[in-house]
Structure formats: C-alpha cells, structure tokens
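> Generate coordinates for the sequence data below:
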Amino acid sequence: MYSFQGIVRKSTNNTLHQYERLGNIANNLANMNTTGYKSIRFEQMLNSDGYLTGTVRTDYKQGSIRVTSNPYDVAINGTGFIPVVSPEGEVAYTRDGAFKQGKEGYLVTNDDWLVGEGIKIPTNCYKFQIKPDGDVVSYDTATSEPRKLGTIPMVRFESLESLEQLGMNKVVPTEDSGEAILVKNHDCFAQNNIETSNTNVYSAVNDMLRLNASMIASMRMMKVVDDMYNKAINIRE
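Sure, this is the predicted structure:
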C-alpha cells in the first residue's frame, strides 16, 4: 500500500522527468535549422517501485547534406569531427562546417574558433579548394598550379555516446570516449555543402503532443490526490 505522501512524491518525481523530456524535445525543435546539430533524447525507464528514471543521450546519426555553393562551407559525409581551437587555446570538436575567413585570413568557425592548426586563405587568390581528404589548396590565377595551404584534419572517437556536449555544436572527449583518433586517407569532406540538423521534426512533434497529454493526466491525478490528502488531515472527530 502507498501513503498519500508517497503517491504525491512519486507523481512529482515522474512529472519532473516528463518536464525534462519535454525540454529536450523542445530543444531539438528549436535547433531544427542549426547546421550540424545532433538531436538529444531522454531515455526513461520505469523502476519496479513506480519511479521514473532515465538518462540524456545524443543521436549522432548523419544529417542530410545540403548544397550551399559557399566555398567556405564543408560537410562531413560519414562519421568524424573537425578539431577547432578557441581564441583562449581550448580544443574542441565539431561537425558544423559553416566556416568563414577570419580577420587575419585564417579559416574559422562562425564563433571565431580556429579550424585545425590554422589554415590561412590568401585574400587575393583566384580561388581556393577544399579537397575530399581535407587538403586545402589555392590558385593564384585560372591557369596557375595549385598551392597547398594546409589540411583540415578529421578525427573519430571510440565511443560517441561518451562525448561531452560543450555547446555551440561542439564536443569534448571524456575518459570513456577516449582521445581523438586522427583519420588519414579518407574522402569524407564535401566543399560547398553543409550538414543539416538530424532532428526528425514529425517525430519530435508527435512525441511532444503525446507527452503533453501524459503530463496533463499526471497533473490531474496529483490534484485529486492532493485534495484527498487535505481532506484526510482536516477530518474532525
């Protein structure tokens, strides 16, 4: 048998977990147009005592590749991340390849993190090219020979689920994920393309509607139990 306090405590716990799951779904929908965004999910489990528990996981499934015709954009077709370095020297990893040319000509992210070890794009070059293996070359004229500027590195991790989210589409390794492993001789980069968010909008909206109905039912049950509890403690002989 359960006491009134136990029923209220359990209902409160379960409703809070539902709120957390709702927040994750809302976050996915808010980032449906964010380049390279990986959706998160709350995997909940009902214990034998009736309490909900769960954990937040990231879905690293490949997003769609969209053509942008912007030479600074680069998508990763397959698994992997690009190392980026903050102005303070912090190293993180991203799949958001919506890059730009920084103040000093270096290839940087939209929030000014340096790509790789630093690749400087000449401002007066005819064009530059990012090859599928990450090599970056420039052409001084339409007929000149290519000049190598550097290489955009790509790394992989043994355990994607163990990576820690840093924000702004960046992750950092943990002890469980292992250190970054440099990938050589690949052909995964696609210039003039970006990877879109892997959020499934239809699934997310459906989950939100079902969760909203479940939360309304839970709140109503809590209200009924609370009314019964108040009546019980106010009984007069």
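> Only C-alpha atoms from now on, for both contacts and neighbour counts.
Will do.
> Thr58 against Glu43, yeah?
No: the pair Thr58 / Glu43 is not scored as a contact, 10.3 Å apart, by C-alpha atoms under 8 Å.
> For those two, indicate the residue with more neighbours.
In this comparison of Thr58 against Glu43, neighbours counted by other C-alpha atoms under 10 Å, the higher total goes to Thr58 at 16 against 11.
> ok, now how distant is the more buried one from Cys188?
In this structure, Thr58 and Cys188 are separated by 22 Å, where distance is defined by C-alpha to C-alpha, to the nearest Å.
> And Val205, which helix or strand is it part of?
helix 201-233 (DSSP states H and E).
> Enumerate every residue touching the spatially most central residue of the chain.
In the chain, the C-alpha nearest the mean C-alpha coordinate belongs to Lys38, at 3.4 Å (C-alpha atoms, centre = their mean). With contact set as C-alpha atoms under 8 Å, 6 or more residues apart in numbering, Lys38 has these partners: 58-61, 169, 197-199.
> Per-residue pLDDT of Asp226, please?
In the prediction, the pLDDT value recorded for Asp226 is 67.
> what about Asp227, how many neighbours?
Each residue near Asp227 was counted by other C-alpha under 10 Å, and the total is 11.
> ugh, typo on my part, it should be Val183
Neighbouring residues of Val183 were enumerated by other C-alpha under 10 Å; the total is 13.
> for Tyr72, same thing?
Count around Tyr72 with other C-alpha under 10 Å applied: 21.
> Same check on Pro83?
Neighbour count of Pro83, defined by other C-alpha under 10 Å: 24.
> Quick check: bridge partners of it?
In this structure, Pro83 bridges to Tyr93 when assessed by DSSP bridges.
> Contacts only, for it.
Pro83 makes contact with 91-94, 115-116, 153-155 under the criterion C-alpha under 8 Å, 6+ apart.
> What pLDDT is listed against Met215?
71.
> can you check Leu160 too?
Looking at Leu160 specifically, the model assigns a pLDDT of 90.
> From Lys170, how far out is it?
Here the criterion is C-alpha to C-alpha. By it, Leu160 lies 13 Å from Lys170.
> More neighbours: those two, which one.
Using other C-alpha under 10 Å as the criterion, Leu160 and Lys170 rank with Lys170 on top: 21 against 18.
> give me the number of residues near the closest residue to the more buried one other than its chain neighbours?
Sequence neighbours aside, Thr94 is the residue nearest to Lys170 in space, at 4.7 Å (criterion: C-alpha to C-alpha, 6 or more residues apart in numbering). Residues lying near Thr94 (other C-alpha under 10 Å) number 22.
> List the residues that contact Thr94.
Thr94 makes contact with 81-84, 169-171, according to C-alpha under 8 Å, 6+ apart.
> quick one, domains of this protein?
Here the chain is described, according to automatic domain parsing, as comprising the domains 4-60+199-233, 65-195.
> tell me the most buried of these?
Stretch with highest mean neighbour count among the domains of the chain: domain 65-195 (a mean of 17; mean count of other C-alpha atoms under 10 Å).
> In which helix or strand does Thr12 reside?
With elements delineated by DSSP H and E, Thr12 resides in helix 4-30, which encompasses its position.
> averaged over its residues, what pLDDT does that helix have?
Helix 4-30 shows a mean pLDDT of 76 in the predicted model.
> Val172 and Glu161, how far apart?
On the measure of C-alpha to C-alpha, Val172 and Glu161 end up 12 Å apart.
> pretty sure Val74 contacts Ile194?
Yes: at 5.6 Å, Val74 counts as touching Ile194 under the criterion of C-alpha under 8 Å.
> Now for the two: what residues contact both?
Residues touching both Val74 and Ile194 (C-alpha under 8 Å, 6+ apart): 97-98.
> helices and strands around the helix or strand that the helix holding Thr12 is followed by, which ones?
Remark: after helix 4-30, the chain's next helix or strand is strand 40-46, criterion DSSP H and E. Taking 3 or more C-alpha pairs under 8 Å, 6 or more residues apart in numbering; DSSP states H and E as contact, the helices and strands that strand 40-46 lies on are helix 4-30, strand 52-58.
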